[in-house]
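[1] Quick check, what structure comes out for this input:
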Amino acid sequence: MNAQQNGIQAEHVDVVIIGGGPAGLAAAAELHRRGIHNLLIIEREKQLGGILRQCIHDGFGLTRFQTALSGPEYAQRFIDTIEELNIPYITDATVTEVTSERQVTAVSRVGMRLWQAKAVILTMGCRERTRGAIGLPGERPAGVFTAGVAQAYMNLFNTMPAREVVILGSGDIGMIMARRLTLEGAHVKAVFEIQPYPSGLPRNVEQCLGDYGIPLYLSHGITAIHGNTRLTGVTVSEVDENLKPIPGTEKEYQCDTLILSVGLIPENELSLDAGVILDERTKGALVDEYFQTGTEGIFAAGNVLHVHDLVDFVSMEAENLAGSVAEYVEKGSLKPAAISIKTDCSIGYTVPQRVSGTTEFTLSLRVKKPMKDCRIVVRQDGREVAVKKMKKAIPAEMIRFGISHEKLVSGLNLEVSVE
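    Next up, the predicted model:
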């Protein structure tokens, strides 16, 4: 039974923001600056800040603030702004339902509450792929963690989870945890990546693995897990171009802990409840240049939309979204987006996936495999409307560039390719 059926009266607000991490906080602050003051942030944790609270390493903020900050420091800058502007928020509250009519139901410490909003912003972030998601074979002993869980144990709860460690996947969190565990006295034996290239940023390969002598093995996967109550070891095999294990290449590694850093998935269960259509490639919503989903009045930004490599881009994307939401609240609608954005086989995805052709927008995309000396070309009806030259393009780094609406023709799709 939902809140309305339960006889709970809806509270009317202009905007509800679901998620108090870097995207939600940035969107709220920018909305306030644009004159939208009747808004609310709902956060399920006991504190604002999202995942950044446990990211104690530095490197955040170089783009957004032009200075190196730790995760908590980066989040605190936005939290301070929320407090200074007196923007309402509730914590320790779980949103249970979002409807296509922009009704939001949440369970909090004071019971069930219901809001009717003019606009809803989805900023729920993402979650890690688990052992079950990748079908890792073998026994099920203790000692198998995702990188984020291990990070939380160490940085939030002051608990050392490992001594002899193997890491599967070269995602950024996994490489950062390889360094963190090493600094705390653990022995990280190796990082194994099933792809023929690292899946994380080059700076993390160098600073987290290279600087500490931690080997990275590409085109390797784990084919068995050993142990009864606690992990005792893993079997690692080389893989072929189809990512299948190569017989005869098996090697045993003794360890008490396996850390998984095998990808992130946008957190979109609430989005689906609201009738939001997801992109099969990003696992986030299909949006236009206003960051509006296919469900009118519901917007998305940050890692719930597509997984970013830098938190600075998360905040900047949410700030751009806020301008669109403010316009929607004031006018009641936005221009229809009738121009679809298509890609060739070398592009993993684009955001947005459709545009109106009436305003300049930022195109974000990722390539599917590493490339050198290439051009990212955007065409409409065979005519080049934007080009970005790249000395190097890798899947780990999101590519962003602006596209002017003045070159676009209404009704004709855009095509993005790599040459």
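[2] low-scoring stretches of the stretch 1-150 of the chain, by residue?
    Across the stretch 1-150 of the chain, the ranges flagged by pLDDT under 70 are 1-6.
[3] the helices in it, which residues?
    22-33, 71-84, 131-134, 147-155 (DSSP state H, counting those that start in this stretch).
[4] Tell me which of these sits nearest to residue 406.
    With Cβ to Cβ as the criterion, residue 406 lies closest to helix 22-33 of those, at 25.5 Å. (C-beta placed from N, C-alpha, C; glycine too.)
[5] what's the angle from that closest one to helix 71-84?
    Relative orientation of helix 22-33 and helix 71-84, computed by axes from the mean of the first three to the mean of the last three Cα atoms, to 10 degrees: 30 degrees.
[6] chain center to helix 22-33, what's the gap?
    When distances are taken as Cα atoms, centre = their mean, to the nearest Å, helix 22-33 is centred 17 Å away from the chain's centroid.
[7] Buried residues of that helix, list them for me.
    Residues of helix 22-33 classed as buried by neighbour count (16 or more other Cβ atoms under 10 Å): 22, 23, 24, 25, 26, 27, 28, 29, 30, 31, 32.
[8] just stretch 332-344 next, same as before
    Buried positions in stretch 332-344, judged by neighbour count with 16+ other Cβ under 10 Å: 334, 337, 339, 341, 343.
[9] Just the ones in strands from these, please.
    339, 341, 343 (DSSP state E).
[10] rewinding a little: from the buried residues of helix 22-33, which single one is nearest residue 154?
    Comparing the buried residues of helix 22-33 against residue 154 with Cβ to Cβ places residue 22 closest, at 21.0 Å.
[11] separation between the closest one and residue 77?
    Residue 22 sits 10 Å away from residue 77, going by Cβ to Cβ, to the nearest Å.
[12] So which of the buried residues of helix 22-33 is the closest to residue 181?
    Using Cβ to Cβ, the buried residues of helix 22-33 come closest to residue 181 at residue 22, 25.0 Å.
[13] show me the contacts for the closest one.
    By Cβ atoms under 8 Å, 6 or more residues apart in numbering, the contact list for residue 22 reads 49, 50, 52, 74, 75, 78, 302, 311, 314, 315, 318.
[14] swap in residue 109?
    Contact analysis of residue 109 by Cβ under 8 Å, 6+ apart lists 92, 93.
[15] ok, 7 Å please
    Residue 109 makes contact with residue 92, according to Cβ atoms under 7 Å, 6 or more residues apart in numbering.
[16] can you check residue 409 too?
    Contacts of residue 409 by Cβ under 7 Å, 6+ apart are 380, 381.
[17] what's the pLDDT at it?
    pLDDT recorded at residue 409 is 89.
[18] where along the stretch 151-300 of the chain do the helices fall?
    Under DSSP H, counting those that start in this stretch, the stretch 151-300 of the chain gives helices at 172-183, 202-204, 269-273.
[19] Flag every buried residue along the second one.
    In this case it means helix 202-204. residue 204.
[20] Quick one: residues in contact with it.
    172, 175, 176.
[21] Ok, stretch 344-363 next?
    Stretch 344-363 has contacts (Cβ under 7 Å, 6+ apart) with 279, 281-282, 286-289, 305-306, 335-337, 339-341, 343, 364-368, 378, 395, 400-405, 408, 410, 416-418.
[22] Quick check on those residues: which are buried?
    279, 281-282, 286-289, 305-306, 337, 339, 341, 343, 364-368, 378, 395, 403, 405, 408, 416-418.
[23] Perfect, I'm done here.
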